[in-house]
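Chemist: structure, please.
(chains A, B, C and D)
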There are 4 protein chains.
Amino acid sequence: MDVGFIGLGRMGRAMAANLVEAGHTVRVWNRSAGPEIEGATRVASAAEAFRGDAAITMLADDAALRAVIVEGGLLDAPERPAVHVGMSTVSVALSRDLAAIHARAGVGYVAAPVFGRPDAAAAGALNIVAAGPESEIGRVQPLLDAMGAKTWRFGDAPERANAVKLAGNFMIVSAIEAMGEAAAFAEGHGVAGADLLEMLTATLFASPVYKNYGGLIAAKRYEPPGFTLRLGLKDVRLALAAAEEAQVPMPFASVLRDNLLDALAHRAGDIDLAGLATVAARRSGR
Amino acid sequence: MDVGFIGLGRMGRAMAANLVEAGHTVRVWNRSAGPEIEGATRVASAAEAFRGDAAITMLADDAALRAVIVEGGLLDAPERPAVHVGMSTVSVALSRDLAAIHARAGVGYVAAPVFGRPDAAAAGALNIVAAGPESEIGRVQPLLDAMGAKTWRFGDAPERANAVKLAGNFMIVSAIEAMGEAAAFAEGHGVAGADLLEMLTATLFASPVYKNYGGLIAAKRYEPPGFTLRLGLKDVRLALAAAEEAQVPMPFASVLRDNLLDALAHRAGDIDLAGLATVAARRSGR
Amino acid sequence: MDVGFIGLGRMGRAMAANLVEAGHTVRVWNRSAGPEIEGATRVASAAEAFRGDAAITMLADDAALRAVIVEGGLLDAPERPAVHVGMSTVSVALSRDLAAIHARAGVGYVAAPVFGRPDAAAAGALNIVAAGPESEIGRVQPLLDAMGAKTWRFGDAPERANAVKLAGNFMIVSAIEAMGEAAAFAEGHGVAGADLLEMLTATLFASPVYKNYGGLIAAKRYEPPGFTLRLGLKDVRLALAAAEEAQVPMPFASVLRDNLLDALAHRAGDIDLAGLATVAARRSGR
Amino acid sequence: MDVGFIGLGRMGRAMAANLVEAGHTVRVWNRSAGPEIEGATRVASAAEAFRGDAAITMLADDAALRAVIVEGGLLDAPERPAVHVGMSTVSVALSRDLAAIHARAGVGYVAAPVFGRPDAAAAGALNIVAAGPESEIGRVQPLLDAMGAKTWRFGDAPERANAVKLAGNFMIVSAIEAMGEAAAFAEGHGVAGADLLEMLTATLFASPVYKNYGGLIAAKRYEPPGFTLRLGLKDVRLALAAAEEAQVPMPFASVLRDNLLDALAHRAGDIDLAGLATVAARRSGR
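Modeler: Purely as a prediction, here's the structure:
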C-alpha cells in the first residue's frame, strides 16, 4: 500500500520501519528534522504525507495532533488519504471530534492507539487497539499487521479505542502505585522492597507490566526513562477528563494524579514512570 | 516427620492431605467436627496436635490463632512441638508477639503464610512465604515442600513473612479495584468491561491474579465466593494496621477500605472479592 | 462613574442594581434578554457596555467570558473602558491570559471575584477578592464598595484573586463533604445527622458556611438549589486544574471530584451543592 | 454533691477545680503524682475516688480507662458510685462495653465527652456531649453545669455521645486539612497562605475551629502543641474503627489518616495538630 506516516518519535520511527519492511511504500514526515527511515521517502510537508491509501499519525499529544491535522487544514487539502489511522494516545474528546471532522471531509478515520514500548514497536509486537467502521479497519489491517502482534477491535466508534487505551494506561500506573506502596510497607517492616517484588512478580503477578516496572522499582533504576513520569501524568489527566465526561468516579486515578503531582513537585517529572514509587517511599520517611 | 495440624478449613484440609501423601505421620485437630483426612489421625484436643516434630496452624484469623495457642495455654503444656509453623494470615503484631512467647517457651516458631487458593493447596502448588530462624525453617522445609511449589524466605524475624503476605494481598485487592474502575470507565464510553479486561489480561496483565479476578469481573460472576469480600476487608484492615505501626501512608489501601465498606453496606460481604468491582459500577450509575 | 455591566444572572443583576443605587451611571447587557434593572440603561451589544470609566463582567464560566471579551473582539473595538473588572469565577489560566491581552490592548484589568450568594449580593454584603495593579483597583474601589461589604486585596497579579476564589470554594465544598461524612457516621451509630450538625454548627463551627450548608443537610432540603452541585463540580475542576499547574497535590479536592461525579451519576447535578451529603449517605447504605 | 474525679491531666485538673469552685466535695486521684487541686482531697487509690454520688473519669485513652475501671476491678469493689460519668475521648466500642458492664454491676453510666481545650475547661466553657439514661444524666447535670457552658444530650445509649465526639473531632481535623491544602494551593499561585486564611476565617469561616487552627497555620506556629498531631491520629483512628463497624465509608477520614502518618514519618508527631498543614506544603515542594 501507499502510506504516509506522520510523527517519527521513538515509537513512530520503529513503526514506519516495519511498514517499509513489510513492503509498503512509505512517505514520512516529522515536524522537526527527525531520523532517516531507510527505504522510506521523506516528504517536505505534512500534506504530502497525508494522502495515498492511508495516512498514519503517531504524535505526542492532543495539541500536536490537532495542530497538524485540524489547524494545518489537511482535511481541506486537494489530496487526502483514503483513511487516516490515528495511533497517538490522545483524548477521547479529540478522537470524537476527529471522527466528525473526517466524516464531513469524506476521509475514513480509524483510531488505533497501541500498547507497547519502543522495543515492542521495533519488534512489530505491539498490541493495537482499533475502533472505527469495520470496512475502514479492514482496509488498513495489513498495515496494522505489519506494526503489531495483534489488533483488538472495539467497534465502530473510533473514540472507544482511545478510551480503551486510557483505561489500560490507568491500570499500568495503578500497578506501579500498588507496587510502590507495597514496597514502602515492606521496607517499614524490615523486608527489602526488591525481595517482595521479586517474589510477587515471579508468581501471582507474573505479567509484562509488573515484571518490567517491578524490576525498575526493585532496582530503583529510574533513569534513563523509558516513558517519563510527566507523560504518565498526561495520560492520567486524559483518563480523568474522559471519566468526568462519563460521570465515572475513579478514586484510584485521583490518588495517581495527586502522587504524580507530588513527584513533579519533587523534580521527578523526567524520570521513568516507575519512579512514582519514590513518592510512597518518601512519604513514609525513607 | 511426626506432625500435628490444627485448622481444617478449605485450605488446611488440603495441606494436611498433602503431608500425609508425602509420607508424614499426621495428627489433625479442628475446633468444630471438621472433615476426615484420609491417612491422618484425628486427635481430641489441640494439645494432642501441638506436639511432635512440628505443629502447623492454619486458622481463620488473629482471634482463632490467639484463642488456640495463647489462651489455650498450649505453650505451657507438658508436651510441645519442636517447631510451630504458623501458616494463617494474621497480623504482624500477633506474629511478633508469638515469636516472643515461643522464644520464652523454648519452642521454635516459623511464620509461613501462603499465596494460593484451595485448588492450589490441593495441588501442592502454594507459594509459601517463610520467615524465622534459618535452622528452624530448614527443619520444616520437607513439610513446606510437601505443601507448596516453592518456599520464599524472608529472614529471621517471623513477622516479616506476615508483612509480605499482607503486602501481597493488598496488591491483589488493588488489582481488582483497578480493574473495577477501568471497567466502569470503559462502560461509560460504550465499551463492554468484559472486552476491555479480556484484552488486557491476555496481554500486559497476563498473570494469575488478573486472569482469575478479571475473568470473574468480566462475567460478573461473584457467587459462589472463592474468597469473600468480607475476608478481603479483614486483610486490608490488617495491612492498614501494620502500615500505621510503621508510619507508611497507603492511599490505595485507604481507597480499598472505603470501597470494601461501601460493598458491605450494600450487602455484598459474602460475595467473591472480585465483587469489589460492583462498587465502581454502582458509583457510576450502572 | 460611568459603568458598563455585562452579565445579569442572579448575582449580576443584584450587583448592577447596587451600582445604580450608589449613584453610578450604569449600562447593562446580557446575552439573553435578561431582567430589567431599574435605573440602568440596557444597551444592545456587549461593545456598548464595554466602555466608559469601567466595565464589569459577571458571567457564568470561562467559555462565556472568553466568548464575550476575547472572541467578541471587544478589546479591539474603537471604544474601550478604562478598566475591566472581571468578577466571574473563572480559571486562573484564563485570568492570566486576560491580564496579558488587556495589557497589550492598553485596558486596565482587575480580577475581583466575590464570595456570597444572591441575597448577599442584593444586600451589598459580598466579600470581594481583588487583585491587579494597585492604581487600577483604586480607581474602581468606589464601585467595589457599592457591591461589597469589604474588598480584600491580593496583590498586582490579577489571577491571584481567582486562585483565592477557587481556594475558598474548595474549602466550602470540603466543609460540606466533612459534614456529609460526619452525618452518615452519626446515623450509622443511631444519632440523627441533624442533631449532630445542629450542635456543631452552633459551637465549634458557628460560621456562615457551616450554618448555611449544615442547615440544608440537616433538613435534607436540596431543592430549590441556591448553587447547583454541577456548578460546584465546575469550581472543583478549576481548582484541580490550577493545582496541577502549580504542582500541588490536593487529596481532599480529589475526593470531592469523585463524590461530585457520583452525585451527578445519580442525577443530582441540579440539586443544591449541599446535596453532596447524599453521596456519603448512599454509600453507607442509607 | 460528693464526687470522685479520676484523671488530672491538663483537662481534668481544670474540670475538677471547677467542681470544687461550684461547691461540690471532690476527691481526686491520678495515676502518677499529678497536680494539687486546691480544695479537693487527694485519695490514695482509684477505688477511693470511685464512690460517692458520682465518679468522673477523664483519662487519656481506651487503654487507660480500661486499665483503671475494668482491669482495676472497680465495679466489683464494695463501695461504688451511684453514677460513673465517663468524659474521656474513647472508642464507641469501649463505651458500649462499659454500658453493659455497669448495668450488670448496678452502677449508672453516662458518657459525656467534651469539646474544648484546657483554656475552655478552665473557664467552665466546655461543650459537653452527654448520652445515657435520662434520669442518670439528670442526676449529674449540676456537675456538668459546673464544668461546661452547655450540655448537649444525645439519647439513652451512652456510646452515642462518643460517636458524636469522634464525628466532631473528625470535622476539626478535616477543617485543618482543607486549610492546609488551600494554603499550599495559594502559595503555589503566589498568594501567602496567611493572607488567604486571614480573609476566609474572618468571613465565611469565622468560627472558633477555623480561627484557632487557621491562625496557627498562618503563623506556622506548631509548638508548643495545644493538642498533638499524634493524638489527632488517635482520634481519627477511633473514628475510622467506629465507621468500619457501622459500614460507613469516610474518604476524608482516610485521607486524614494517610496525611497524619506522613507527618509522623517526618517526625511531626509531637507538634500541634495544626501542623498537619505541613504535609500539604511539603508534598507541593515547599
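
Chemist: contacting residues for A:A241?
Modeler: With contacts defined as C-beta atoms under 8 Å, 6 or more residues apart in numbering or on different chains, A:A241 is in contact with A:91-93. For the C-beta atoms, the positions are set from N, CA and C on the backbone; glycine is no exception.

Chemist: only alpha carbons, please: show the lowest-mean-pLDDT helix or strand in chain A as PDB.
Modeler: Within chain A, no helix or strand scores below helix A:118-122, which has a mean of 95 by mean pLDDT, DSSP states H and E. The C-alpha trace of helix A:118-122 is given here as PDB (Å, rounded to 0.1, in the frame of the first residue of the first chain):
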ATOM      1  CA  PRO A 118       9.800   1.300  21.500                       C
ATOM      2  CA  ASP A 119      11.400  -2.200  21.700                       C
ATOM      3  CA  ALA A 120       8.000  -3.800  21.100                       C
ATOM      4  CA  ALA A 121       7.400  -1.300  18.300                       C
ATOM      5  CA  ALA A 122      10.700  -2.300  16.700                       C
END
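
Chemist: so does the next helix or strand after it get close to chain B?
Modeler: With elements assigned by DSSP states H and E, the helix or strand that comes after helix A:118-122 is strand A:126-130. Yes. For strand A:126-130, a contact with chain B is found by C-beta under 8 Å from any C-beta of the partner chain, at A:127, A:129.

Chemist: now for strand A:126-130, which elements pack on it?
Modeler: strand A:114-115, helix A:134-147, strand A:148-153, helix A:159-188 (3 or more C-beta pairs under 8 Å, 6 or more residues apart in numbering or on different chains; DSSP states H and E).

Chemist: how far away from the center of its chain is the shortest one?
Modeler: Per C-alpha atoms, centre = their mean, to the nearest Å, the displacement of strand A:114-115 from the mean C-alpha position of its chain is 6 Å.

Chemist: show me what that strand is in contact with.
Modeler: By C-beta under 8 Å, 6+ apart, strand A:114-115 touches A:11, A:87, A:121, A:126-129, A:147-148, A:165, A:168, B:203-204.

Chemist: tell me the mean pLDDT for it?
Modeler: Mean per-residue pLDDT for strand A:114-115: 98.

Chemist: equivalent analysis for the second one, please.
Modeler: The pLDDT scores in helix A:134-147 average 98.

Chemist: now it against strand A:148-153, angle please.
Modeler: 160 degrees (axes from the mean of the first three to the mean of the last three C-alpha atoms, to 10 degrees).

Chemist: where does the stretch 51-200 of chain A get nearest to chain D, which residue?
Modeler: The minimum distance from the stretch 51-200 of chain A to chain D, using C-beta to the nearest C-beta, falls at A:G188 (8.8 Å).

Chemist: how deep is the closest residue to that residue other than its chain neighbours tucked in, by neighbour count?
Modeler: Of all residues not flanking A:G188 in the chain, B:A246 sits nearest, at 2.9 Å (C-beta to C-beta, 6 or more residues apart in numbering or on different chains). Close neighbours of B:A246, defined as other C-beta atoms under 10 Å in any protein chain shown, add up to 19.

Chemist: how about the helices in the stretch 1-150 of chain A?
Modeler: For the stretch 1-150 of chain A, the helices defined by DSSP state H, counting those that start in this stretch cover A:10-21, A:46-49, A:62-65, A:92-105, A:118-122, A:134-147.

Chemist: how about these, which one is nearest chain B?
Modeler: With respect to chain B, and counting by C-beta to the nearest C-beta, the nearest of the helices of the stretch 1-150 of chain A is helix A:92-105 at 6.3 Å.

Chemist: buried residues, the closest one. List them.
Modeler: Buried residues in helix A:92-105, counted by 16 or more other C-beta atoms under 10 Å in any protein chain shown: A:92, A:94-96, A:98-99, A:102.

Chemist: that helix close to chain C?
Modeler: No. Residues of helix A:92-105 contacting chain C under C-beta under 8 Å from any C-beta: none, with a closest distance of 14.3 Å.

Chemist: if we can go back for a sec, and among the helices and strands packed on strand A:126-130, the most buried is which?
Modeler: Across the helices and strands packed on strand A:126-130, averaging neighbours per residue (mean count of other C-beta atoms under 10 Å in any protein chain shown) puts helix A:159-188 on top, at a mean of 27.

Chemist: what's the angle between that one and strand A:126-130?
Modeler: Using the same axes, to 10 degrees: helix A:159-188 against strand A:126-130 is 130 degrees.

Chemist: how far is helix A:159-188 from where the chain is centred?
Modeler: On C-alpha atoms, centre = their mean, the centre of helix A:159-188 falls 15 Å from that of its chain.

Chemist: what angle separates the very next helix or strand once past it from strand B:148-153?
Modeler: Using DSSP H and E, the helix or strand that directly follows helix A:159-188 along the chain is helix A:193-202. Orientation check (the same axes, to 10 degrees): helix A:193-202 against strand B:148-153 gives 170 degrees.

Chemist: look up which helix or strand the residue nearest to A:L204 when sequence neighbours are not counted falls in, please.
Modeler: With sequence-adjacent residues excluded and distances taken as C-beta to C-beta, 6+ apart, A:L204 is closest to B:V209, at 4.7 Å. Applying DSSP H and E as the criterion places B:V209 in helix B:208-219.

Chemist: and the angle for that helix with helix A:208-219?
Modeler: Using the same axes, to 10 degrees: helix B:208-219 against helix A:208-219 is 140 degrees.

Chemist: what helices or strands is helix B:208-219 leaning on?
Modeler: Where contact means 3+ C-beta pairs under 8 Å, 6+ apart, helix B:208-219 is packed against helix B:159-188, helix B:193-202.

Chemist: only alpha carbons, please: show the shortest one as PDB.
Modeler: Pointing back at helix B:193-202 there. Output of helix B:193-202 as PDB, limited to C-alpha atoms (Å, rounded to 0.1, in the frame of the first residue of the first chain):
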ATOM      1  CA  GLY B 193     -15.900  -4.100  30.500                       C
ATOM      2  CA  ALA B 194     -15.500  -7.700  29.600                       C
ATOM      3  CA  ASP B 195     -14.000  -6.800  26.200                       C
ATOM      4  CA  LEU B 196     -11.500  -4.500  27.900                       C
ATOM      5  CA  LEU B 197     -10.500  -7.000  30.500                       C
ATOM      6  CA  GLU B 198     -10.200  -9.800  28.100                       C
ATOM      7  CA  MET B 199      -7.700  -7.900  26.000                       C
ATOM      8  CA  LEU B 200      -5.600  -6.500  29.000                       C
ATOM      9  CA  THR B 201      -5.500  -9.800  30.900                       C
ATOM     10  CA  ALA B 202      -4.300 -11.600  27.700                       C
END
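
Chemist: and that helix, how far out from the chain's middle?
Modeler: Relative to its chain's centre, helix B:193-202 lies at 27 Å (C-alpha atoms, centre = their mean).

Chemist: now check that helix, is it near chain A?
Modeler: Yes. Against chain A, helix B:193-202 shows contacts by C-beta under 8 Å from any C-beta at B:195-196, B:199-200.

Chemist: now the one residue in the stretch 1-150 of chain A that gets nearest to chain B. Nearest residue, chain neighbours left out?
Modeler: Across the stretch 1-150 of chain A, no residue is closer to chain B than A:N127, which sits at 4.9 Å (C-beta to the nearest C-beta). If the residues on either side of it in the chain are set aside, A:N127 comes closest to A:F115, at 4.3 Å by C-beta to C-beta, 6+ apart.
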